[in-house]
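Enquirer: Okay, here's the prediction I keep looking at, along with the sequence it came from:
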Amino acid sequence: GAVVSQHPSWVICKSGTSVKIECRSLDFQATTMFWYRQFPKQSLMLMATSNEGSKATYEQGVEKDKFLINHASLTLSTLTVTSAHPEDSSFYICSAKNEGRGLYGYTFGSGTRLTVV
Amino acid sequence: RKEVEQDPGPFNVPEGATVAFNCTYSNSASQSFFWYRQDCRKEPKLLMSVYSSGNEDGRFTAQLNRASQYISLLIRDSKLSDSATYLCVVFRDDKIIFGKGTRLHILP
């Protein structure tokens, strides 16, 4: 089945530094990937939609200059949290869309737990 | 008001019991509906899709009422391994919209 690999699974960084999270579709090409954030006991909130070869589409309230998204190939999207602060500590999950499977083609990465100290 | 609302939980249910979850959605343009399961600190995983005609998969039954904009999930003969958070998920305009989830604890 479709597999999405997300790395790192957890990261601790100092306030003010930047952190890059990678999301790879291992056995299918994904023209569209999605980035979510989940705070404790909250729902997954869509941050942005990443489109291969073009700019990401950010949801309202998400700072595009803070959360940099790059989707340079059909199998890789990256999310960089720039100048991270403690309030950015959260669980970040990517999802890749396998176009050939319609609505059943959304596969999630295993998530990245970011802690900013 | 959130677009997808679920029972707050947590539900603490003895093993073998039947448990039902409810979910409502506010946008009538919502196109497709699913239940996902999320274990603690893990990614969500598709449990089953939801149709107006109902969908049954083993001990799990899901139902959609479009007129009421209401979705349900029924788990029969609950197992310890059913303990998880159950997410009501709506697809709209190529976006996945998650409910906050309902936590279920199956008690031995």
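Expert: Thanks, I have it.

Enquirer: So B:Ser81: helix, strand or coil?
Expert: The local conformation at B:Ser81, judged by DSSP: H, G, I helix; E, B strand; the rest coil, is helix.

Enquirer: if I look at it, how far off is B:Pro44?
Expert: As for B:Ser81, its distance to B:Pro44 is 17 Å (criterion: Cβ to Cβ, to the nearest Å). Bear in mind the C-beta positions are built from the backbone N, C-alpha and C, glycine included.

Enquirer: in stretch B:93-108, what's buried?
Expert: Counting neighbours by 16 or more other Cβ atoms under 10 Å in any protein chain shown, one finds that the buried residues in stretch B:93-108 are B:Ile96, B:Ile97, B:Phe98, B:Gly99, B:Lys100, B:Gly101, B:Thr102, B:Arg103, B:Leu104, B:Ile106.

Enquirer: So which of these belong to strands?
Expert: The strands in this structure, assigned by DSSP state E, contain B:Ile96, B:Ile97, B:Phe98, B:Thr102, B:Arg103, B:Leu104, B:Ile106 from the buried residues of stretch B:93-108.

Enquirer: any chance of these in a markdown table, plus distance to B:Lys2?
Expert: Formatted as a markdown table, the entries for those read as follows, by distance: Cβ to Cβ, whole Å:
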| residue | distance to B:Lys2 |
| --- | --- |
| B:Ile96 | 14 |
| B:Ile97 | 9 |
| B:Phe98 | 10 |
| B:Thr102 | 14 |
| B:Arg103 | 17 |
| B:Leu104 | 20 |
| B:Ile106 | 27 |
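
Enquirer: Any chance of JSON lines for these, columns pLDDT and distance to A:Thr49?
Expert: As requested, these are exported to JSON lines (pLDDT from 0 to 100; distance: Cβ to Cβ, whole Å):
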{"residue": "B:Ile96", "pLDDT": "84", "distance to A:Thr49": "10"}
{"residue": "B:Ile97", "pLDDT": "88", "distance to A:Thr49": "13"}
{"residue": "B:Phe98", "pLDDT": "90", "distance to A:Thr49": "15"}
{"residue": "B:Thr102", "pLDDT": "93", "distance to A:Thr49": "27"}
{"residue": "B:Arg103", "pLDDT": "94", "distance to A:Thr49": "28"}
{"residue": "B:Leu104", "pLDDT": "96", "distance to A:Thr49": "31"}
{"residue": "B:Ile106", "pLDDT": "97", "distance to A:Thr49": "36"}
